[in-house]
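1. Here is my input, please return the structure:
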Amino acid sequence: MRNWILAVGMAVAIGGAGAAIAQDVIADRRAGLKNAGEQFQAIKAVSDARGDLRPVAAQIDELIAFFRGLPARFPEGSGTGNTRALPAIWSDRAGFEQANANLITQLTALRALAAAGDNAAFPAAFNQTGAACGACHRVNRAR
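-> Next comes the predicted model:
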């Protein structure tokens, strides 16, 4: 009987640890996505002001690096708690990863325009990048 009680206690402790880890993952991805939103706003401000886009390329590199790691920030079991992630992230993982890949493709094109200082083409590419973000949000994020 004592062994059974210890086993149940360990299972509860491990389950509780798993929930804490899931909440840490959620907090990490929320902070990263908030930072990404702030980066996008800062980049848009430079574009709207028709400023020098070349320094923005480094910010876009940071965004690309973050979004390359985004799928790993949604492990199984991290869909409950303080998150707006929808079940589609896990039930249609291929769709989620494709939407993320589309965003990375758009960011890569945006980065090239920033590096070239192309103020004429950058706003349209920025809008296309925003559309790639929105396409993922519509399916994978609760409002």
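2. could you point out which element follows whichever strand or helix holds residue 40?
-> For residue 40, the host element (DSSP states H and E) is helix 2-48. Toward the C-terminus, helix 2-48 is succeeded by helix 56-68 as the next helix or strand (DSSP H and E).
3. Give me the helices and strands touching that following helix, please.
-> Counting contacts by 3 or more C-beta pairs under 8 Å, 6 or more residues apart in numbering; DSSP states H and E, helix 56-68 packs against helix 2-48, helix 93-116. Every residue, glycine included, has its C-beta placed from N, CA and C.
4. quick one: buried residues of that helix?
-> Across helix 56-68, burial judged by 16 or more other C-beta atoms under 10 Å covers 56-57, 59-60, 63-64, 66-67.
5. Tell me how far it lies from the chain's centre.
-> 12 Å (C-alpha atoms, centre = their mean, to the nearest Å).
6. Which residues does that helix contact?
-> With contact meaning C-beta atoms under 8 Å, 6 or more residues apart in numbering, helix 56-68 is reached by 32, 35-36, 39-40, 42-43, 46-47, 100, 103-104, 107-108, 110-111, 114-115.
7. May I see the buried residues of whichever helix or strand comes after it?
-> Downstream of helix 56-68, the next assigned helix or strand under DSSP H and E is helix 88-91. Within helix 88-91, the residues that qualify as buried are 88-90, counting by 16+ other C-beta under 10 Å.
8. Check which helices and strands helix 88-91 sits against.
-> Counting by 3+ C-beta pairs under 8 Å, 6+ apart, helix 88-91 packs on helix 93-116, helix 122-140.
9. And the ones you listed: which comes nearest residue 73?
-> Among the helices and strands packed on helix 88-91, helix 93-116 comes nearest to residue 73, with 10.4 Å by C-beta to C-beta.
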